[in-house]
Each structure stands twice: as C-alpha cells, then as structure tokens.
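> Sharing a model prediction with you, sequence too.
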Amino acid sequence: MSVLEVRDLTIRFGGLVAVDGLNLSVDEWEIVGLMGPNGAGKTTAFNCITGFYKPSRGQVFYRDRDVTKLPPHRKAALGMGRTFQNVGMVKSETALENLLQRSEGLHRGRHRAAAREGSRGPRGGDPRPARAVGHP
C-alpha cells in the first residue's frame with residue numbers, strides 16, 4: 001500500500017505552469033528524492049502536496065484517503081508533515097534531534113485535533129496515533 005500517492009498534480013500561477021502532471025507513489029518506509037534544477041517546481045510540488053497551495057488539477061492521497069483539499073493543519077493531524085529549510089532548526093542539536101523535536105510537535109497537534117473531534121480521533125476510531133511518512 002502506498003503511504004503517499006500523487007496523481008496528475010498540476011498548478012498554474014496565471015499563465016505559468018509550475019508543476020505539470022506530477023505522479024508520485026511512496027510506499028511505507030521508502031525514501032524518495034525529488035530532484036531538479038532551481039525553479040523546476042520541487043518546492044511548489046511539496047506545497048501542493050502538504051496543502052499550502054491548492055493544485056489546479058490532480059489529487060493527493062495519504063494512506064488511500066483523498067486529502068487533496070485538506071488544509072495543512074488537518075494533514076499534520078493525520079501524520080502527514082513536512083519540514084522547512086533551516087527554519088526553526090536548533091544549530092546546537094544534531095539533525096536527528098531536530099527531526100525528533102518536529103515529530104513531537106506533530107504528536108501534540110494530533111492530540112489537539114483529536115480533542116476537537118471528540119473521542120473518534122483523526123483516524124476514525126483507531127486509537128493508535130498516525131505516523132509521519134518514514135517515522136517509526
């Protein structure tokens with residue numbers, strides 16, 4: 001089962017097509033890189049996938065659930081998160097310590113979202129916390 005699946009993702013800014021028909025599938029524990037030159041649309045694609053931008057066309061699925069239209073905080077509550085380049089990193093800590101700190105923030109956000117939704121929680125009654133992609 002794919003943890004993350006992106007189908008035909010496209011975003012336009014006026015007449016500029018920034019991402020055109022991106023298809024991507026990431027399985028559990030798989031590490032995938034998105035490579036390209038500056039201006040190729042990598043960050044824009046991540047912004048569409050995580051909900052910071054609304055794609056012009058296409059769909060984003062997280063664990064077989066269509067999350068295309070969910071805002072970033074709702075995606076984070078499901079366990080789908082991202083990091084930003086150098087923002088909020090503590091230079092005296094290792095990369096792992098910084099990632100673990102981000103993970104703790106995701107868990108706090110999930111618990112707040114579950115409290116707002118009642119005892120059902122963000123996964124429809126499954127009491128286990130959702131996990132970020134690639135996070136044990």
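Good, I have the coordinates. Numbers count the residues shown, from 1 in each chain.

> per-domain residue ranges of this structure.
For the chain, automatic domain parsing gives the domain ranges 1-69, 71-136.

> Which one of these has the poorest average confidence?
The weakest mean pLDDT among the domains of the chain belongs to domain 71-136, with a mean of 63.

> any idea how far residue 37 is from residue 16?
Separation of residue 37 from residue 16 (CB to CB, to the nearest Å) stands at 16 Å. Where you see a C-beta, it was placed from the backbone N, CA and C, and this is true even at glycine.

> Give me the neighbour count for residue 12.
Neighbour count for residue 12, taken as other CB atoms under 10 Å: 13.

> for residue 39, that is, sorry about that
Neighbours around residue 39, by other CB under 10 Å: 9.

> just residue 80 next, same as before
Neighbour tally, residue 80, other CB under 10 Å: 25.

> Look at it and give its secondary structure.
coil (DSSP: H, G, I helix; E, B strand; the rest coil).

> which one is it nearest to, not counting chain neighbours?
residue 62 (5.0 Å; CB to CB, 6 or more residues apart in numbering).

> Repeat that for residue 32.
Spatial nearest neighbour of residue 32, excluding adjacent residues (CB to CB, 6+ apart): residue 26 at 5.1 Å.

> Pretty sure residue 3 is one of the things the one you found touches, is it not?
Yes. Residue 26 is within contact range of residue 3, at 5.6 Å (criterion: CB atoms under 8 Å).

> Which of these two has more residues huddled nearby?
Applying other CB under 10 Å to residue 26 and residue 3 shows that residue 3 carries more neighbours, namely 20 against 16.
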